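Engineer: fold the stuff below for me.
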Amino acid sequence: MSSHDDSLAGLDPAVRQFLRDWTRLDDPAVAERLLGPVILVGGAGGAPPSTTALPSERFVAAVVGRQRAMSDLPAPRLGRVDVVELGAARLVVTAHWHVAGPGGPLELVGDFLLERTAGPGLRALAYLPRTDVTTMVAGQAPVDDVVEEEPEVGDVRS
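Structural biologist: Next up, the predicted model:
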């Protein structure tokens, strides 16, 4: 579902693999590897902002539903990635994704709190999207021109 820029080649291989796999959460084996039984999810654009602990199955269902809703858009392209190490076991990764929306390019930004697993991989403890892609795309939807019918005799228009 995504393509990757070669400029990301200097990233920690585990971070690069995690971000590649993140777009494949519809694969149960990938979802099980990347998510624990519960994930903290932040609400993008909520007022007030909130964070909810979700069972991973519910989170995956929401992600897959959003992927289906956005399936007519081109695949997102991973752009800049910032990594902050929080000791040996945890890190915060901020990923900037780019996608061509119906009204122009969109930048989707999300933060991940990740922990290193016993193997070479990473597991998400929290996902904090900074952007709500569904709302952004809806706000960019092309405007359909509505052809108004001619008024009938006696109709008043202001």
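Engineer: just the buried positions in stretch 100-117, please.
Structural biologist: 101, 106, 108, 109, 110, 111, 112, 113, 114, 116 (16 or more other CB atoms under 10 Å). (Glycine included, C-beta is placed from N, CA and C.)
Engineer: so which of those belong to strands?
Structural biologist: 101, 106, 108, 109, 110, 111, 112, 113, 114, 116 (DSSP state E).
Engineer: now render those residues as TSV, adding pLDDT and distance to residue 13.
Structural biologist: TSV is the format used below for these (pLDDT from 0 to 100; distance: CB to CB, whole Å):
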residue	pLDDT	distance to residue 13
101	72	31
106	80	28
108	83	23
109	88	22
110	88	20
111	92	20
112	92	16
113	94	19
114	95	13
116	93	12
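Engineer: turn the residues you listed into a markdown table, including distance to residue 9.
Structural biologist: Listed next are these as a markdown table, based on distance: CB to CB, whole Å:
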| residue | distance to residue 9 |
| --- | --- |
| 101 | 27 |
| 106 | 25 |
| 108 | 22 |
| 109 | 21 |
| 110 | 21 |
| 111 | 22 |
| 112 | 20 |
| 113 | 24 |
| 114 | 19 |
| 116 | 21 |
